[in-house]
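Student: Please find the sequence and the predicted model below.
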Amino acid sequence: MRTTRDWQDADARHFLHPFTDFRSLARKGARVITRADGIHLWDSDGHRILDAMSGLWCVNVGYGQRALVDAATRQLSELPFYNAFFQTATPPAIELAELLAEVTPPQFEHVFFTGSGSEGNDTVVRMVRRYWDLLGEPGRDVIISRRNAYHGSTMAGASLGGMSGMHAQGGLPIPGIVHIEQPYWWAHGRPHGWSRDEFGLVAARWLEQEILRLGPEKVAAFIGEPVQGAGGVIVPPATYWPEVQRVCDRYGVLLVSDEVICGFGRTGRWFGCETMGTRPDLMTFAKGVTSGYVPLGGVMVGERVARVLIERGGEFAHGYTYSGHPVACAVGLANVRLIRDLGLVEHVANDVGPYLAQAYADLAGHPLVGEAETCGLMGALLLVRDKATGAAFDPAWEAGMVCRGHCFREGLIMRAVGDRMIIAPPLVITRTQIDEMVALIRRCLDLTLADARAAGQLG
Ligand SMILES: *Cc1c(COP(=O)(O)O)cnc(C)c1O
C-alpha cells in the first residue's frame, strides 16, 4: 500500500494537472481520491467527502451505478473499439444516437459524436461555418459568445469561452469570435437599479446591437450556456433567453446551446434550453451523457442544419478517432436509460430541485451571503463583505478560497469562483442528503464569517 505522502511525491514529480499552478500544488501535495459511492468520495487517508460538485459537473447518476459498469465491461469484451470513419458503425453508437434523438427536443434527429465538450464546441465552429458555406454565404463566419462563458479548453473552445485568463495564454481568441457582456444581474444590472427582468432584456439586446454592429450578413451563430457553470453558476433573468431567441430568429443567426453542464437533467428538464425557453439549432453535450464514467461528448444537430449538411453535402472534413467510441456509447446508453428509468429529471424538477431552492432561500439570510441562487440542482452563494450594501470583499483576502479551505477540512466539495461558492450535486441526491450538505455549507459559512471578523474584513 502506498501512503498518501508517497502518492503526493510521485504526483508532484510526474503529473501536470489541468488548470493548476504546478509549483504551488507540488508544495501542498494533491488530495488523492481513491473510491466513491453515491454522492460521497473517500480520499487516501480514508476521509469521507460529500461531493457537491458531481466530480466536475458530470456524475449525474452518482457513483457506483452497476448498470454503467456492466455496460462498459460487456462492450469491452465484445468490441472495445472500432471507428466510424470508413462507412462503418457499431451498435452502441447507433443505439445511443437513436436514444438521444428521442430525449432531445423535437428539432434534433442527428448527432455528431466527439470525445469531450471541448471537441464538441470545435465541431460547432467547423459545422456552422460549413453550413453557411454550403448556403453560399461564406462571409457569414463570425460567432458571438459572451464574457465569462466556458466552452472548453481547446483552441476553439477557449476562444468561444470568455475567460480573459485563458485568452491571455496562447494568443486567443482565434479570428472570427467576438464576445458580448454576460447576463449577470448582480454585476451588470443591479448597479444600474434595473430589476432582474428589465436587465434580462437589456442583456439580450446587447446581442442585437452586436449583430447590427458586425452586420447580420457576417454573423453565423450565437453560443451560450443556458446557465453559466464554470463562470460561477450565473442564472440569467427569465426574460433573457426568450429575447435572445427572438433576436436570433430576426437575423437568421444560428442559436447554439452549450448543454455540457445543463444537459441530462441538471436544470429539471432534460436540457437547459427547455428550462430557458429556447429552440436551439445545435446543442453541445458531454459530461452528464455518461455521468463522467468514461469520456464522451457530441453535438446534436437540428434539422435546419442537418438538412443542408446532408442534402447539399459533399464530405464534411472533420471527425475524431473516438467519434462514436463503442465503449463510451455503451456507457452513454446505459446512463441515459438509467436517468429515464430512475425518473431523475422529474426528481430534480418536482422534489430535490425545489427543496434545494428552499434551503438556499434560507441560506440567503446568512450574514455573509449577498445573493443565493439555484436552478434545478445548481446553486450559487455570493459572499459579500457588507450584507446591507452588497459591498464585495477585498479581492486580496480571497473570501472564496477561505471558504473553500473550510469546505475541504469539513468534508465537503464546494467550488469557489471568485467569491461565488457553487454546487452541482449528483441528481440522485435525496432530501436527507441535501439537509446534510446544507448543514455543512452553513458550518463553512460560519467559519468563514469568523475568519473575516478576525481578519478585520467585515463591514
Ligand atoms: C466542461 C465544459 C466544456 C468542456 O468540456 P470538456 O469535456 O472538458 O472538454 C464545454 N462547455 C461547458 C459549458 C462546460 O462546462
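Tutor: Perfect, I can see it now.
Student: For the ligand, what is the nearest residue in the stretch 51-200 of the chain?
Tutor: For the stretch 51-200 of the chain, the residue closest to the ligand is Gly117, as judged by CB to the nearest ligand atom, at 2.3 Å. For glycine as for every other residue, the C-beta is placed from the backbone atoms N, C-alpha and C.
Student: Now do the residue lying closest to that residue once chain neighbours are set aside: how many residues are near it, please.
Tutor: Distance criterion CB to CB, 6 or more residues apart in numbering; nearest residue to Gly117, sequence neighbours excluded, is Ala286 at 3.4 Å. The local packing count at Ala286 equals 29, with neighbours defined by other CB atoms under 10 Å.
Student: what sits against Ala286?
Tutor: Contacts for Ala286 (CB atoms under 8 Å, 6 or more residues apart in numbering) come out as Cys58, Thr114, Ser116, Gly117, Gly120, Val260, Pro295, Leu296, Gly297, Gly298.
Student: Okay, and the beta partners of the last one?
Tutor: Each beta-bridge partner of Gly298 is listed here, defined by DSSP bridges: Phe113, Phe285.
Student: Which stretches in the stretch 351-459 of the chain count as helices?
Tutor: For the stretch 351-459 of the chain, the helices identified by DSSP state H, counting those that start in this stretch occupy 353-363, 399-410, 431-454, in order along the chain.
Student: Point out the most buried one among the ones you listed.
Tutor: Using mean count of other CB atoms under 10 Å, the stretch among the helices of the stretch 351-459 of the chain with the greatest mean number of neighbours is helix 399-410 (a mean of 19).
Student: Please list the residues of the stretch 201-350 of the chain that sit near the ligand.
Tutor: By the criterion of CB under 6 Å from any ligand atom, the positions of the stretch 201-350 of the chain lying close to the ligand are Glu225, Gly229, Ala230, Asp258, Val260, Ile261, Ala286, Lys287, Gly297.
Student: ranking these by neighbours, who comes first?
Tutor: Within these, neighbour counts (other CB under 10 Å) peak at Asp258, which reaches 34 neighbours.
Student: Correct me if wrong: that residue contacts Ala221.
Tutor: No: between Asp258 and Ala221 there is no contact under CB atoms under 8 Å: 11.4 Å.
Student: residues touching the residue in the stretch 301-450 of the chain positioned nearest to the ligand, list them.
Tutor: Using CB to the nearest ligand atom, the point where the stretch 301-450 of the chain gets nearest to the ligand is Ala424, with a distance of 9.8 Å. For Ala424, the contacting residues are Ala52, Met53, Ser54, Trp57, Gly229, Val233, Ile261, Arg266, Leu377, Met378, Gly379, by CB under 8 Å, 6+ apart.
Student: Run a quick check on the last one versus Val233, I expect a contact.
Tutor: Yes: under the criterion of CB under 8 Å, Gly379 makes contact with Val233 at 6.5 Å.
Student: Need the overlap of contacts for these two.
Tutor: Where contact means CB under 8 Å, 6+ apart, the residues bridging Gly379 and Val233 through contact with each are Glu373, Ile422, Ile423, Ala424.
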